[in-house]
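Student: Let's see this in three dimensions:
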Amino acid sequence: MKHLRFLVTALLLCTVTIPAWAIDPPYQRQMERLAEIMGSLYFLQPLCQADSTDWRTQMADLISLDEPDEDRRQRLAGAFNGGYTAFARFHRACTPAAQEALTRLLIEAEQTARDIHTRFAE
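Tutor: Below is the predicted model:
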């Protein structure tokens, strides 16, 4: 009986001290990639196109619609910032390489967004 009480107390302490881990939705990796692409576009598009989309606002809207917890919100923002930084290190003007990257990123963004919507939208 004494051992049972100890065991129950130990189990209760374990359940109290172990934090509940949030489970990512199945589309989290794709959302992080989309956020990274949007960060890259936020940097590249103004270099190569005078009238461009505000990708930062688009990202904020996407996060708002997804309603992530704080951990996921931070990861999405980090992916966006990482995409921005990756291209900011190497491009200062619209070179042929920057234009090609912009074109490829726009295509990938569209495909990724369509895939997320097709597979996971309610």
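
Student: Where does pLDDT dip in the protein?
Tutor: 1-22, 122 (pLDDT under 70).

Student: Helices along that one, start to end?
Tutor: 2-17, 28-48, 55-66, 70-88, 96-120 (DSSP state H).

Student: Of these, flag the one that's most buried.
Tutor: helix 28-48 (a mean of 21; mean count of other C-beta atoms under 10 Å). (Each C-beta comes from the backbone N, C-alpha and C, glycine too.)

Student: Quick one: work out the angle between that helix and helix 96-120.
Tutor: Helix 28-48 runs at 150 degrees relative to helix 96-120, counting by axes from the mean of the first three to the mean of the last three C-alpha atoms, to 10 degrees.

Student: distance of the spatially closest residue to Y84 that is not a sequence neighbour from L105?
Tutor: Computed as C-beta to C-beta, 6 or more residues apart in numbering, the closest residue to Y84 that is not its neighbour in sequence is G39, at 4.0 Å. To L105, G39 is 10 Å away according to C-beta to C-beta, to the nearest Å.
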